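1. Got a sequence here, can you build the structure:
(one chain, ligands or ions: 1)
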Amino acid sequence: MFIVFEGIDGCGKSTQAKLLADWLQAQGKRVLLTAEPTKGRIGLFLREILAGKTIVDPRTLALLFTADRYEHLAREIEPALKRNTIVVSERYYHSTICYQAAQGVSWNWLVDLNKFARKPDYTFLLDVPPKQSVRRKTAVEIFEEEKFLEKVRDNYLKLNRNVIKVDGSKRPEKVFEEIKGRVKLK
Ligand code: TYD
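-> Modelled structure (predicted):
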């Protein structure tokens with residue numbers, strides 16, 4: 001089973017991914033808790049770009065995030081799923097579509113680029129107004145800005161197909177109750 005958490009910066013996805021991973025483990029499941037950008041070489045380069053140290057065209061950025069994802073899938077996600085381990089990932093291709101489209105990259109181009117990627121079994125969108133989410137952040141990365149995150153949020157809300165939208169502005173325990181209630185264990 002492959003579970004993805006999505007949403008704008010500061011939406012609480014790290015908290016929820018951790019709560020879910022712990023709960024699954026308590027049910028006796030093997031779990032891989034992972035995230036994009038990854039800690040691999042491409043992911044580290046992405047962190048440099050996000051910190052504003054290197055500037056690249058938004059299309060290049062989309063290609064780099066997608067290359068990071070290809071490696072993530074091939075080296076970590078697919079092997080874990082083969083071992084019957086539940087994979088919980090913070091961010092996946094929806095991030096590339098919603099963030100890089102907000103930078104002006106063509107939506108269809110981004111969707112096509114990511115067609116290779118396996119579909120998650122569950123995708124939770126933690127929906128939070130940017131006004132609230134930026135308060136949780138220290139704004140050290142290029143996208144942590146309210147106006148930009150408004151565009152990203154609008155893009156996330158366009159995804160509706162196969163995405164479970166959860167109100168992320170509630171207390172973390174409440175949000176988690178809702179998520180837990182949605183996941184059907186085999
Ligand atoms: P984020 O999950 O916020 O990492 P952290 O909370 O540790 O800073 O991801 C970093 C940033 O990268 C975030 O602003 C979203 C952005 N991002 C994209 O623009 N496209 C992508 O494909 C991914 C995976 C992330």
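2. Just the pLDDT at the closest residue to Val140 other than its chain neighbours, thanks.
-> In this structure, Val140 finds its nearest non-sequential neighbour in Ala51, 6.9 Å apart by CB to CB, 6 or more residues apart in numbering. Heads up, the C-betas are built off the backbone N, CA and C, glycines and all. Note for Ala51: predicted pLDDT of 95.
3. wait, doesn't Ala51 sit right on Phe143?
-> No - in this structure, Ala51 is not within contact of Phe143 by CB atoms under 8 Å, at 11.1 Å.
4. contacting residues around the residue nearest to Tyr156 when sequence neighbours are not counted?
-> Distance criterion CB to CB, 6+ apart; nearest residue to Tyr156, sequence neighbours excluded, is Cys98 at 5.0 Å. Contacts for Cys98 were tallied using CB atoms under 8 Å, 6 or more residues apart in numbering; they are Glu6, Val152, Asn155, Tyr156, Leu159.
5. One more: Leu110?
-> Applying CB under 8 Å, 6+ apart to Leu110 gives the contacts Ala62, Thr96, Ile97, Gln100, Ala101.
6. host element of it?
-> helix 107-113 (DSSP states H and E).
7. buried residues in that helix?
-> Leu110, Leu113 (16 or more other CB atoms under 10 Å).
8. right, is that helix up against the ligand?
-> No - counting by CB under 6 Å from any ligand atom, the ligand has no neighbours in helix 107-113; the shortest distance is 9.1 Å.
9. Beyond that helix, next helix or strand please.
-> Downstream of helix 107-113, the next assigned helix or strand under DSSP H and E is strand 122-127.
10. So is that next one next to the ligand?
-> No - on the criterion CB under 6 Å from any ligand atom, strand 122-127 is out of touch with the ligand, staying 11.4 Å away.
11. For that strand, name the packing helices and strands.
-> Contact partners of strand 122-127 among helices and strands, from 3 or more CB pairs under 8 Å, 6 or more residues apart in numbering; DSSP states H and E: strand 2-6, helix 13-26, helix 146-158, strand 164-167, helix 172-182.
12. Please identify the most buried of these.
-> strand 2-6 (a mean of 25; mean count of other CB atoms under 10 Å).
13. That strand to helix 13-26, inter-axis angle?
-> 160 degrees (axes from the mean of the first three to the mean of the last three CA atoms, to 10 degrees).
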